[in-house]
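Student: quick one: sequence and predicted model below, then my questions.
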Amino acid sequence: MTRRLARKPAAEPRLPRLPRRWAVGGAALGALAGLLCFAPARWLAQGLSQSSQEHLLLADAQGSVWNGSGVLVLQGGPGSRDAASLPGRLAWQIGLDGLQPVLRLRQDCCINGTLTLRLQPGWGRLRLDLPAQDQWLARVPAAWLGGLGTPWNTLQLSGSLRLSARQLSLQYQRGHWQQQGQLDFDLVNIGSRVSTLAPLGSYRLSLVGDPQLAGLTRIQLLTLDGALQLQGQGSVGDAQRLQFQGEASAAPGRETALNNLLNIIGRRQGARSVITIG
């Protein structure tokens, strides 16, 4: 008998193998995308601490870089024993408004509604633009300044600190912040533990980006009303070095009530108290 041999099925065509480095690269890109999507909020907290030279902290950060919350803390800097936190939590969300990345901030105690900042990220830099608006942006207790240490912790201020802005733009690059536009801090109905006179008055501290000198922010302090008269001017340069020269004095008839306070906030020169920083 003739024996038939079973025919082997035709082998399926083999697909070319991808190089191993392609597979590793694809896995790495996937891991990187996942890491960016779920980047922890503590990364944002670390960035805020470094960019503010450890004066402004985001404690108990929860969630992700894109959607999270934390407690804002003001302190005197590296190694400081003074710190003060705002009540409640600051919540943030990074998303899109059309094709424009935006940062939305909310905090019931202190922010007026939702604060929206337009983001312009770049290689090694980040720009924040604040759309024009007529209302104040935020309001915090003046006592929060006590976290900065001396002399704020001695003064123990009462009243409120109100923030507003005009055509404001901030850019962070090479470890420094640069400002364009104007940022105003209004200290409203301020009082102090070291004075029996309350309130002492209301004041405005303005930070104005100099359009002629990139990286230079000019500082101006003036009195809006009150028995304690404050005025001064200064600047913050590229190296974040603060220079300020100002003076404090008492309105006529208020010299005796403000004598102790004038001794504390500056160097006495007769009826004036000179304030020098930098």
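Tutor: Received the coordinates, thanks.
Student: so the residue nearest to Arg218 when sequence neighbours are not counted, which of the three states?
Tutor: Distances taken as C-beta to C-beta, 6 or more residues apart in numbering put Val208 closest to Arg218, at 4.8 Å, once the chain neighbours are dropped. Every C-beta, even on glycine, is put in place using the N, C-alpha and C of the backbone. For Val208, the assignment made with DSSP: H, G, I helix; E, B strand; the rest coil gives strand.
Student: all strands for the stretch 151-278 of the chain, in order.
Tutor: Applying DSSP state E, counting those that start in this stretch to the stretch 151-278 of the chain gives strands spanning 157-173, 176-192, 201-209, 217-226, 228-236, 242-250, 267-269, 272-277.
Student: still on that earlier bit, and the residue nearest to Arg218, what pLDDT?
Tutor: pLDDT recorded at Val208 is 94.
Student: need the contact list for it.
Tutor: With contact set as C-beta atoms under 8 Å, 6 or more residues apart in numbering, Val208 has these partners: Gly181, Gln182, Leu183, Thr217, Arg218, Ile219, Gln220.
Student: where does this structure have low pLDDT?
Tutor: Within the chain, the stretches with pLDDT under 70 are 1-38, 214, 238-240.
Student: next, the buried residues of stretch 244-256.
Tutor: For stretch 244-256, the neighbour count (16 or more other C-beta atoms under 10 Å) marks Phe244, Gly246, Glu247, Ala248, Ser249, Ala250, Arg254 as buried.
Student: actually stretch 130-138, not the one I typed
Tutor: Neighbour counts over stretch 130-138 (16+ other C-beta under 10 Å) mark Leu130, Leu137, Ala138 as buried.
Student: the second one is in contact with Leu163, isn't it?
Tutor: This points to Leu137. Yes - between Leu137 and Leu163 a contact is recorded at 4.8 Å, counting by C-beta atoms under 8 Å.
Student: picking up where we left off before, distance to Trp66 for the strands of the stretch 151-278 of the chain - can I get that in JSON lines?
Tutor: As requested, those are exported to JSON lines (distance: least, C-beta to C-beta, whole Å):
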{"stretch": "strand 157-173", "distance to Trp66": "18"}
{"stretch": "strand 176-192", "distance to Trp66": "22"}
{"stretch": "strand 201-209", "distance to Trp66": "29"}
{"stretch": "strand 217-226", "distance to Trp66": "30"}
{"stretch": "strand 228-236", "distance to Trp66": "31"}
{"stretch": "strand 242-250", "distance to Trp66": "33"}
{"stretch": "strand 267-269", "distance to Trp66": "49"}
{"stretch": "strand 272-277", "distance to Trp66": "38"}
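Student: for Asn259, which of those strands is the nearest?
Tutor: strand 242-250 (7.8 Å; C-beta to C-beta).
Student: partner strands of the closest one, with direction?
Tutor: Sheet pairing of strand 242-250 (DSSP bridges) gives strand 228-236 (antiparallel), strand 272-277 (antiparallel).
Student: chain center to it: distance?
Tutor: Centroid separation for strand 242-250 versus its chain: 24 Å, with C-alpha atoms, centre = their mean, to the nearest Å.
Student: list of residues touching that strand?
Tutor: For strand 242-250, the surrounding residues in contact (C-beta under 8 Å, 6+ apart) are 219, 221, 227-237, 257-259, 262, 265-266, 271-278.
Student: list only those of the residues you listed flagged as buried.
Tutor: 219, 221, 227-230, 232, 234-236, 257-258, 262, 265-266, 273, 275.
Student: of the contacts of Val208, which is the most crowded?
Tutor: Thr217 (23 neighbours; other C-beta atoms under 10 Å).
Student: list the contacts of that residue.
Tutor: By C-beta under 8 Å, 6+ apart, Thr217 lies in contact with Gln178, Gln179, Leu207, Val208, Gly209, Asp210, Ser235, Val236.
Student: which of the residues you listed sits closest to Trp144?
Tutor: Set against Trp144, the nearest of these by C-beta to C-beta is Leu207 (17.7 Å).
Student: chain neighbours aside, what residue packs nearest to the closest one?
Tutor: Nearest to Leu207 is Leu183, by C-beta to C-beta, 6+ apart, at 4.5 Å.
Student: thought the one you found was touching Ser206?
Tutor: Yes - if you go by C-beta under 8 Å, Leu183 and Ser206 touch, sitting 7.2 Å apart.
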